[in-house]
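Asks: could you look at this predicted model? Sequence included:
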Amino acid sequence: MLSSRTLKAGFWTVGLILIATGSWAWIDRFLNGDRNANYGSLVPWGLWVAAYIYFIGLSAGSFLVSSLVYVFNIKRFESIGRLALYSAVVTLVLALLSISADLGHPFRAWHVLVYPNFRSPMAWMIWLYSAYFILLTLELWFVLRHDLVVGSRRPGWRGRIYRILVFGSNDDSAATRESDRQVVRILASIGVPLAVMFHGGVGSLFGVVASRPGWHGGLFPILFLVSALVSGGALLVLVSAIFQDGLRRNREVVLDLARLVLALLAVDVLLQISETLVGFYGNEPARVQNLRLIYAGPYWWVFWFWQLALGTLVPILLLASPWTRRNPLAAAVACGLIAIGFLAVRLNIVIPGLADEQVHGIAQAYNSARISTDYVPSVMEFTFTAGIIGIGLLLFGIGEWFLPRSSEEPAQEEVARVSA
């Protein structure tokens with residue numbers, strides 16, 4: 001059976017390889033802009049936008065899972081509360097890195113904050129992102145504050161870093177810890193509607209575009225929220241198994257969360273089937289054409305093999321089997337496949353939704369590679385995204401190595417060290 005140490009070593013190794021692979025693409029993007037990207041006038045959004053909404057979903061889902069602990073006080077998942085918050089922060093950073101690559105002038109993003117147009121769903125989304133990022137950071141700090149205070153008394157460079165992170169806060173009394181818990185509960189309670197609003201807002205950003213039949217509909221915000229819960233929960237099962245000794249000590253937490261992911265995945269599949277059947281039964285030509293692009297167009301394999309087989313059917317069979325119900329490693333593998341499969345879900349939203357001609361024959365009217373509905377991400381786009389994933393893997397590794405695992409263990413270690 002694989003050990004947690006082996007899995008952690010794999011995380012670090014793959015992360016470093018992906019960062020090395022993506023480094024040249026980051027330089028290329030900085031020097032040449034989007035010249036070596038394959039999106040164009042007819043398909044203006046590509047892999048980076050799909051990756052952006054994918055990582056945003058992981059972040060919102062991870063945060064909402066953390067709310068089970070910090071808002072609803074479900075003790076069963078208490079051991080993964082801080083990991084869920086940290087996952088939300090990491091994946092939000094990856095989402096912002098992904099969308100910054102797609103922006104022509106990412107350093108002008110502050111204009112939306114200074115000169116907002118609140119009739120724009122995108123302006124609301126950016127303001128909600130900013131509030132969400134601040135809230136996430138504050139909540140994670142209050143969750144870790146006691147452990148950071150205890151760690152700041154340690155000698156060496158790690159203690160010095162902890163002393164910087166406590167921002168002069170040195171009180172670790174029981175009263176202060178209780179006060180921290182109350183602050184965390186307040187922040188988490190505010191964060192639940194905020195996460196629902198901002199990720200539902202991403203779905204609304206697509207759903208309100210009446211000119212794109214593949215997106216236009218009232219179900220999109222709900223689909224985005226349910227997908228976020230599934231993908232974020234699946235990610236937590238995987239990282240809990242690797243970084244919290246989920247194959248042995250926390251195996252029951254991993255298995256319970258995997259069962260919750262299976263139930264949410266069933267709901268998500270039901271919603272996607274409903275959306276598809278309504279689209280075909282309505283027989284609106286543009287909508288039917290979009291669905292045909294997904295299921296039988298150039299990107300058919302993304303749906304049938306990546307999303308349906310790898311990301312849905314295989315995980316359902318694994319998680320529903322009696323053998324897997326008691327096997328945390330198999331549950332982690334199944335949830336890893338679900339998390340990977342949801343990138344295909346995002347690709348099937350973004351690219352086919354743009355790949356149908358709104359003006360029939362426009363792609364043949366001009367002789368230009370940028371005026372085409374046949375979008376396939378370039379090598380630069382793939383490697384850039386791979387590098388971002390590598391950053392995420394290393395951030396998870398650094399977090400597991402640097403951040404305290406539980407609020408009790410660091411204190412006990414410190415007491416033992418002082419006594420010695």
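Replies: Sure, I can see it.
Asks: can you give me phi and psi for P44?
Replies: With angles defined as degrees, to the nearest 10, P44 sits at phi -80, psi -20.
Asks: that one reaches L354, doesn't it?
Replies: Yes. Under the criterion of C-beta atoms under 8 Å, P44 makes contact with L354 at 7.0 Å. Glycine gets a C-beta too; all of them are placed from N, C-alpha and C.
Asks: quick one: low-confidence parts of this protein?
Replies: Within the chain, the stretches with pLDDT under 70 are 1-4, 404-420.
Asks: contacts for stretch 265-276, please.
Replies: Residues outside stretch 265-276 that contact it (C-beta atoms under 8 Å, 6 or more residues apart in numbering): 217, 219, 222-223, 226-227, 230, 291, 312, 315-316, 338.
Asks: actually stretch 21-31, not the one I wrote
Replies: Against stretch 21-31 from outside (C-beta under 8 Å, 6+ apart): 36, 101, 380-381, 383-388, 390.
Asks: circling back: more neighbours: P44 and L354, which one.
Replies: L354 (22 against 12; other C-beta atoms under 10 Å).
Asks: I figured the more buried one hits V209, correct?
Replies: No. The criterion here is C-beta under 8 Å, and L354 misses it with V209 at 10.1 Å.
Asks: return the subset of the contacts of stretch 21-31 lying in helices.
Replies: 101, 380-381, 383-388, 390 (DSSP state H).
Asks: out of those residues, which are buried?
Replies: Among the ones in helices among the contacts of stretch 21-31, those scoring as buried are 101, 380-381, 383-388, 390 (criterion: 16 or more other C-beta atoms under 10 Å).
Asks: tell me which of these is nearest to H199?
Replies: The nearest member of those to H199, counting by C-beta to C-beta, is I388 at 19.3 Å.
Asks: quick check: the closest one touching S98?
Replies: Yes. In terms of C-beta under 8 Å, I388 counts as a neighbour of S98; the distance is 5.9 Å.
Asks: so what sits against both of the two?
Replies: A51.
Asks: just give me the residue right at the centre of this structure.
Replies: By C-alpha atoms, centre = their mean, the chain has its centre lying nearest to L58, at 2.2 Å.
Asks: thinking again about what came up before, which one of the contacts of stretch 265-276 is nearest to L18?
Replies: I338 (20.4 Å).
Asks: which strands and helices sit next to the helix of greatest length in the chain?
Replies: In the chain, ranked by residue count with DSSP H as the criterion, the top helix is helix 174-207. Judged by 3 or more C-beta pairs under 8 Å, 6 or more residues apart in numbering; DSSP states H and E, the packing partners of helix 174-207 are helix 47-70, helix 121-151, helix 220-243.
Asks: quick one: the first one to helix 174-207, angle?
Replies: Angular relation of helix 47-70 and helix 174-207 on a 0 to 180 degree scale: 140 degrees, by axes from the mean of the first three to the mean of the last three C-alpha atoms, to 10 degrees.
Asks: ok, now the longest one?
Replies: Orientation of helix 121-151 against helix 174-207 (the same axes, to 10 degrees) gives an angle of 160 degrees.
Asks: show me what helix 121-151 is packed up against.
Replies: With contacts taken as 3+ C-beta pairs under 8 Å, 6+ apart, helix 121-151 sits against helix 47-70, helix 81-102, helix 110-114, helix 156-165, helix 174-207, helix 409-419.
Asks: buried sites along it?
Replies: Neighbour-count burial for helix 121-151, counted by 16+ other C-beta under 10 Å, picks out 121, 124-129, 132-133, 135-136, 139-151.
Asks: again, but for stretch 316-327
Replies: Neighbour-count burial for stretch 316-327 [16+ other C-beta under 10 Å]: 316, 318-319, 324, 327.
Asks: so can I have JSON lines of the residues you listed showing distance to A50 and secondary structure?
Replies: Below are the buried residues of stretch 316-327 laid out as JSON lines (distance: C-beta to C-beta, whole Å; DSSP: H, G, I helix; E, B strand; the rest coil):
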{"residue": "I316", "distance to A50": "23", "secondary structure": "helix"}
{"residue": "L318", "distance to A50": "25", "secondary structure": "helix"}
{"residue": "L319", "distance to A50": "25", "secondary structure": "helix"}
{"residue": "T324", "distance to A50": "29", "secondary structure": "helix"}
{"residue": "N327", "distance to A50": "32", "secondary structure": "coil"}
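Asks: out of those, who's nearest Y162?
Replies: For Y162, the nearest member of the buried residues of stretch 316-327 is N327. The distance, counting by C-beta to C-beta, is 37.3 Å.
Asks: distance of that closest one from L318?
Replies: Distance of N327 to L318, given as C-beta to C-beta, to the nearest Å: 9 Å.
Asks: does F396 touch F11 like I think?
Replies: Yes. In this structure, F396 is within contact of F11 by C-beta under 8 Å, at 6.5 Å.
Asks: which residues outside stretch 97-109 are in contact with it?
Replies: Under C-beta under 8 Å, 6+ apart, the answer for stretch 97-109 is 29, 33-34, 45-46, 48-49, 51-52, 55, 126, 384-385, 388, 391.
Asks: looking at the contacts of stretch 265-276, which is nearest G81?
Replies: Taking C-beta to C-beta as the measure, V230 is the one of these closest to G81, at 19.2 Å.
Asks: show me what contacts the nearest residue to the closest one once chain neighbours are set aside?
Replies: Using C-beta to C-beta, 6 or more residues apart in numbering and skipping residues adjacent in sequence, the residue nearest V230 is L264, 4.6 Å away. Counting by C-beta under 8 Å, 6+ apart, L264 makes contact with 226, 229-230, 233.
Asks: name the element L264 belongs to?
Replies: Assigning secondary structure by DSSP states H and E places L264 in helix 251-282.
Asks: quick check: angle from the helix or strand following that helix to helix 251-282?
Replies: Sequence-wise, the next helix or strand downstream of helix 251-282 (DSSP H and E) is helix 285-296. Interaxial angle, helix 285-296 versus helix 251-282 (the same axes, to 10 degrees): 130 degrees.
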